[in-house]
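[1] any chance you can model this:
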Amino acid sequence: MRLALTAFTRRGYALARDLAAALEERGDRAALALPARLAGELGAEEYASLAAWTGERFQDCQGLIFVGACGIAVRAIAPHVRDKFTDPAVVSVDEAGRIAVPLLSGHVGGANELALWVAGRTGGEVAVSTATDVNGAFAVDRWAKRQGLFLDSREAAKRVSAAVLARVPVGVSSDFPIQGGLPSGLRFGPAEVGICLTLDPEKAPFPVTLRLVPPVLTLGIGCRRGTPAETLRRRVEDVLKEHRLTRRAVFQASTLDLKGDEPGLLELCRAWEIPLVTWTAEELARTEGEFTPSAFVSRVTGVDNVCERAAVRAGGALLVPKQAGEGVTVAVARRPWTISFDEGEK
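    Alright, predicted model coming up:
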């Protein structure tokens, strides 16, 4: 997690410095900066404008910690607040470390958890005000984040939370195995509002359906040299649409190492924010399974099939076999995934 910290007094700086060091120790990236008037004497990174610094950190960080008065933090973030699904986590803690307050993106951004961590580190208390937490109720956005699931509708997510708080039963439908029981307020079967764990972007078993998508799909891709990114994108999207698979389930692409520097393929992966993994012909040839052979591909690459073998090698069982068109071959593999409503498990 990329985090930024700031403080406004010498005492606040001491706490912010300790928090930054502890965050680095737990594996986060933490950058501490101070107002110019304070940074000079303390030898810290400085900024000339708190407003400008905050705006920049909203763009490049996942969380901000203000050590000082809540009012300072509120005024600093106010012009930049947009949406709880995209805003970073923001926490304010007084310079004595007595009270940590999650100000923004408590569930989706993780501010509630970050504030709990800060309070645990300082020996203070946390002031959480989100309704589901206050009422001890199931919070679908927090749970989905911990499970690594994509929420496909913000409005439906709000309807689910409202139903939980109103004690209206929320339905559950899943195309994946569920381990353990359901939280209070959720049930299998018909309901006006429900959550659906699926890869199908059109599946709607409830009048109001929140689709939750796990990252389980690997794209195996082969292509002619110089294939444009737009052609690759169109072919991949056509394959996914034809097989009723949402691209939100795609978490990586896989191909032969000879294609690892293909500009169009790299551009597609950057646009979709997924990694590209590559394999040698020998590694693909050793991949077990039944694949669609091609003598031409074998002569050119040294392996009889690229897309299917690459998908399976990287990502589990073959779900969609080789689909060819416009000089592009696409296959899709799916890795196993189990749903757990125990928020400590996945």
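[2] give the pairing partners of the one helix or strand Leu64 maps to; include direction for each.
    Element membership of Leu64 [criterion: DSSP states H and E] is strand 63-67. Using DSSP bridges, the strands paired with strand 63-67 are strand 2-7 (parallel), strand 89-93 (parallel).
[3] can you list the domains in the protein?
    2-129, 148-214, 217-334 (automatic domain parsing).
[4] what's the closest of those domains to Phe138?
    Phe138 sits nearest to domain 148-214 of all the domains of the chain, at 4.1 Å, using Cβ to Cβ. Using the backbone N, CA and C atoms, a C-beta is placed for each residue, glycine as well.
[5] and that closest one, end to end?
    Domain 148-214 stretches 6 Å from its first residue to its last (Cα to Cα, to the nearest Å).
[6] rewinding a little: in the helix or strand following the strand holding Leu64, what counts as buried?
    The element immediately downstream of strand 63-67 (helix or strand, assigned by DSSP H and E) is helix 70-77. Going by neighbour count (16 or more other Cβ atoms under 10 Å), the buried part of helix 70-77 is 73-74, 76-77.
[7] among the domains of the chain, which is nearest Asp141?
    Asp141 lies closest, by Cβ to Cβ, to one member of the domains of the chain: domain 2-129, at 4.3 Å.
[8] give me the mean pLDDT for the closest one.
    What domain 2-129 shows for mean pLDDT is 90.
[9] for the longest strand seen in the chain, list the C-alpha coordinates in PDB.
    Assignment by DSSP state E gives strand 317-325 as the longest strand of the chain. C-alpha atoms of strand 317-325 as PDB (Å, rounded to 0.1, in the frame of the first residue of the first chain):
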ATOM      1  CA  ALA A 317      -8.100 -25.300 -16.200                       C
ATOM      2  CA  LEU A 318      -8.900 -24.500 -19.800                       C
ATOM      3  CA  LEU A 319     -12.300 -22.800 -19.900                       C
ATOM      4  CA  VAL A 320     -12.400 -21.400 -23.400                       C
ATOM      5  CA  PRO A 321     -10.400 -23.300 -26.100                       C
ATOM      6  CA  LYS A 322      -8.500 -21.600 -28.900                       C
ATOM      7  CA  GLN A 323     -10.500 -18.800 -30.700                       C
ATOM      8  CA  ALA A 324      -8.800 -17.500 -33.800                       C
ATOM      9  CA  GLY A 325      -9.400 -14.400 -35.900                       C
END
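[10] tell me which stretches of the stretch 101-250 of the chain form helices.
    Counting by DSSP state H, counting those that start in this stretch, the stretch 101-250 of the chain has helices at residues 111-122, 131-134, 140-147, 154-165, 229-242.
[11] isn't Arg224 up against Ala324?
    No - contact criterion Cβ atoms under 8 Å: Arg224 and Ala324 do not qualify, at 11.2 Å.
[12] what's the neighbour count on Arg299?
    For Arg299, the count of nearby residues is 9 (other Cβ atoms under 10 Å).
[13] grab the nearest non-local neighbour of the most centrally placed residue in the chain.
    Centroid-nearest residue in the chain: Gly148, 6.2 Å away (criterion: Cα atoms, centre = their mean). Nearest residue to Gly148, sequence neighbours excluded (Cβ to Cβ, 6 or more residues apart in numbering): Pro215, at 6.0 Å.
[14] for that neighbour, what are its contacts?
    Taking Cβ atoms under 8 Å, 6 or more residues apart in numbering as the contact definition, Pro215 lies against 148, 150, 249-251.
[15] pull the most distant pair out of the residues you listed.
    Gly148 and Val250 (13.4 Å).
[16] partners of Ser173 in the sheet?
    Beta-bridge partners of Ser173, as defined by DSSP bridges: Cys196.
[17] what do you get for the one 5 residues further on?
    For Ile178, the beta-bridge assignment (DSSP bridges) gives partners Ile339.
[18] hmm, it is touching Ile339, no?
    Yes - between Ile178 and Ile339 there is a contact under Cβ under 8 Å: 4.6 Å.
[19] looking at the two, which has the bigger crowd around it?
    With neighbours defined as other Cβ under 10 Å, Ile178 and Ile339 compare such that Ile339 has more, 19 against 14.
[20] contact partners of the longest helix anywhere in the chain?
    The residue-count maximum for a helix in the chain (DSSP state H) belongs to helix 10-25. Outside helix 10-25, the residues that touch it by Cβ under 8 Å, 6+ apart are 3, 5-7, 29-32, 34, 38, 42, 44, 65, 67-68, 93, 95-97, 118, 121-122.
[21] how about a cut-off of 7 Å?
    Residues outside helix 10-25 that contact it (Cβ atoms under 7 Å, 6 or more residues apart in numbering): 3, 5-7, 30, 32, 34, 38, 42, 44, 65, 67-68, 95, 97, 118, 121.
[22] PyMOL command to pick out the buried ones of the residues you listed?
    Here is the PyMOL command that picks out the buried ones among the contacts of helix 10-25, judged by 16+ other Cβ under 10 Å:
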select buried, resi 3+5+6+7+30+32+34+38+44+65+67+68+95+97+118+121
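[23] mind checking the end-to-end distance for stretch 177-187?
    Terminal residues of stretch 177-187 lie 15 Å apart, using Cα to Cα.
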